[in-house]
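**Student:** Sequence and computational prediction follow.
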Amino acid sequence: MKNPTATISGILNVCSGSTELKASSGATYLWSTGATSQNITVTATGVYSVTVTDSFGCSSIASVSIEPSQTAVTPTLEITQPSCFVSSGTIKVTSPASQYSFDNGVTWGTNPIRAGLSPGNYKVIIKTVTGCTSYAQEVSIVPSLTAYPNYTSIQPRFCGDTGTITITSNSAYYSFDNGTTWVTNSTADLLQPGTYTIRTKDLIGCISNPQIVLIESNTLGNPEYTVVNPACSVPGSITIDTPADFYTFNGGQTWVTTNTLSNISSGNFSVGIKNNLGCTSYFRTIYL
């Protein structure tokens, strides 16, 4: 009768704290630890052997060596993010280990829970009883964001004027530059044309989502005009129909108070308007 062939399978290190070894099928088993089951769990390095006996009484022996490993399993985590009622977060390591680090191995402790964490990035590492350390697991604690703030705005009334933004959502603090600076005044005035990002923040540090507000430049509108094309010996003319204080027919090189340019022949002309505040329109090109 041919003897059975004994084999042992399993992860051959104990960096996760323990490992399970499994013998090949047989009728009875006897491990070097004295165990008589097909599977055993070991927590220490060293050589382990098993004698597998079949139903005919024939036996075979197999052995394996459990080696230390430098890297443990990646830690499994439970993350509690900040809320509008709790401004800090919590990281809980659920993987079994003997020591825990929440700062990439700078400091170690035996508590798998780290609470009171400010918003930011944390690197979690675990260490087993055999001294195996895991790869770092990065965690981001992010501040809680509330709803988008409501607001009203006053746009510039004329060229050179400024605008105003008032945040109408009640809060402790207000920002008009996406949270770079915070103030207690909900109104910002004398705002130059541009894009502003407003936020609110309450007393426990909850910050709203960003709201984009545009303060638009109040330039003069495009001038309307009437053209008389030159024909044979009859000269042409351009009349700017939009009322203004000053008019140009050469792209702003010179400004005049007369809205008609007469006695012109064919060519290109760039017309525009300007008021007493110095605000100009965009130029429009006319081809005669």
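**Tutor:** Yes, it's here.
**Student:** was I right about Asn222 contacting Thr285?
**Tutor:** No. At 11.5 Å, Asn222 does not count as touching Thr285 under the criterion of CB atoms under 8 Å. Placement of C-beta: from N, CA and C, glycine included.
**Student:** out of these two, which sits in the more crowded spot?
**Tutor:** Looking at Asn222 and Thr285 with other CB atoms under 10 Å, you find the greater number of neighbours at Asn222, namely 14 against 9.
**Student:** which ones are touching that one?
**Tutor:** With CB atoms under 8 Å, 6 or more residues apart in numbering as the criterion, the residues that contact Asn222 are 281-282, 284.
**Student:** pLDDT score for Ser88?
**Tutor:** Reading off the per-residue confidence, Ser88 sits at a pLDDT of 90.
**Student:** any idea how far it lies from Pro143?
**Tutor:** Using CB to CB, to the nearest Å, one obtains 10 Å as the distance from Ser88 to Pro143.
**Student:** Which ones among the contacts of Asn222 lie within strands?
**Tutor:** Restricting the contacts of Asn222 to those inside strands, with DSSP state E as the criterion, leaves Arg284.
**Student:** so which of the contacts of Asn222 comes closest to Gly179?
**Tutor:** Sorting these by how near they are to Gly179, with CB to CB, puts Tyr282 at the top with 35.4 Å.
**Student:** how many neighbours does the closest one have?
**Tutor:** With neighbours defined by other CB under 10 Å, the count for Tyr282 comes to 11.
**Student:** can you check Val124 too?
**Tutor:** Counted with other CB under 10 Å, Val124 comes out at 27.
**Student:** same check, this time on the one 10 residues further on
**Tutor:** The tally of other residues near Ser134 (other CB under 10 Å) stands at 23.
**Student:** Please tell me I have it right and it contacts Val93.
**Tutor:** No. Distance between Ser134 and Val93: 9.8 Å, which falls outside the contact criterion (CB under 8 Å).
**Student:** who's Leu214 bridged to?
**Tutor:** With beta bridges defined as DSSP bridges, Leu214 has these partners: Thr195.
**Student:** separation between it and Gly89?
**Tutor:** Using CB to CB, one obtains 34 Å as the distance from Leu214 to Gly89.
**Student:** Please name the residues that touch the nearest residue to Asp161 once chain neighbours are set aside.
**Tutor:** When the adjacent residues along the chain are set aside, Asp161 lies closest to Asn218, with 6.2 Å between them (CB to CB, 6 or more residues apart in numbering). Neighbouring residues of Asn218 by CB under 8 Å, 6+ apart: 155-159, 161, 193, 279.
**Student:** Adding neighbour count and pLDDT as columns, could you present these in CSV?
**Tutor:** Written out in CSV, the entries for these read as follows (neighbours: other CB atoms under 10 Å; pLDDT from 0 to 100):
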residue, neighbour count, pLDDT
Gln155, 15, 89
Pro156, 18, 87
Arg157, 10, 81
Phe158, 11, 76
Cys159, 17, 74
Asp161, 16, 83
Pro193, 16, 84
Cys279, 18, 81
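**Student:** hmm, back to that, please identify every residue contacting each of Ser134 and Val93.
**Tutor:** With CB under 8 Å, 6+ apart applied, the overlap between the contact sets of Ser134 and Val93 consists of 75, 126.
**Student:** and the residue most central in space within the chain, backbone torsions?
**Tutor:** Central residue check for the chain by CA atoms, centre = their mean: the C-alpha nearest the mean position is that of Val142, 9.5 Å away. When quoted as degrees, to the nearest 10, the phi and psi of Val142 stand at phi -110, psi 140.
**Student:** how much space is there between it and Thr80?
**Tutor:** With distances defined as CB to CB, the gap from Val142 to Thr80 amounts to 12 Å.
**Student:** Check Tyr173 too.
**Tutor:** Tyr173 sits 25 Å away from Thr80, going by CB to CB.
**Student:** now do Tyr247
**Tutor:** Tyr247 sits 68 Å away from Thr80 when distances are taken as CB to CB.
**Student:** so where's this protein uncertain?
**Tutor:** Counting by pLDDT under 70, the chain shows low-confidence ranges at 1-3, 11, 13-17, 69-72, 130.
**Student:** can you list the domain ranges for it.
**Tutor:** Annotated domains of the chain cover 8-68, 77-141, 151-215, 220-287 [the TED database].
**Student:** how many neighbours does Ala23 have?
**Tutor:** Neighbourhood size, Ala23 [other CB under 10 Å]: 24.
**Student:** wait, what's in contact with it?
**Tutor:** Listed by CB under 8 Å, 6+ apart, the contact partners of Ala23 are 6-8, 29, 31, 38-39, 50, 52, 62.
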